[in-house]
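J.: what's the 3D shape of this:
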Amino acid sequence: MLTRRDFVRYDAASGPAGAAVQTLLRSRHLLVIGASLTHDNFLHLAHEMEHFLEEGGAKRRNLGTVLTFSADRGWAMLFQDVFDFVDVGAQTGRRAPGDPCRPT
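T.: Numbers count the residues shown, from 1 in each chain. Next comes the predicted model:
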């Protein structure tokens, strides 16, 4: 169970790392390898940066590229304006363990 203290301390403990990720998203093309796009905190940081750039009148661009061994077309469609997706598994013939598209 998470306590109120856990919630309050989260920002203090992870704020600097989040700021570093947002700085990269703002100034560079971020390469994402092995990170889950289902992680709420990462998605929150990306959406905040996307909103910040839109409000500032910045030219629309993808924030980064996601390398994956098992492409999820749903995620790729959902984030097509935020990230480019490269299915490394399809290019190498390898798939991640547990991938339903993985040959047996």
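J.: which residues touch the helix or strand hosting Leu67?
T.: Using DSSP states H and E, the element containing Leu67 is strand 64-68. If you take CB atoms under 8 Å, 6 or more residues apart in numbering as the criterion, strand 64-68 is touched by 25, 29-35, 37, 79, 83-89, 96. No exception for glycine: its C-beta is placed from N, CA and C like everyone else's.
J.: list the contacts of the spatially most central residue of the chain.
T.: For the chain, the residue nearest the mean C-alpha position is Leu37 (4.6 Å; CA atoms, centre = their mean). Residues near Leu37 by CB under 8 Å, 6+ apart: 43, 66, 75, 79, 83.
J.: could you list the paired strands of the strand holding Leu67 along with their orientation?
T.: Strand pairing for strand 64-68, using DSSP bridges, gives strand 30-33 (parallel), strand 83-87 (parallel).
J.: need the residues that contact the shortest one.
T.: Applying CB under 8 Å, 6+ apart, the contact partners of strand 30-33 are 21, 24, 63-67, 83.
J.: before we move on, back to that, so the residue nearest to the centre of the chain: helix, strand or coil?
T.: Secondary structure assignment for Leu37 (DSSP: H, G, I helix; E, B strand; the rest coil): coil.
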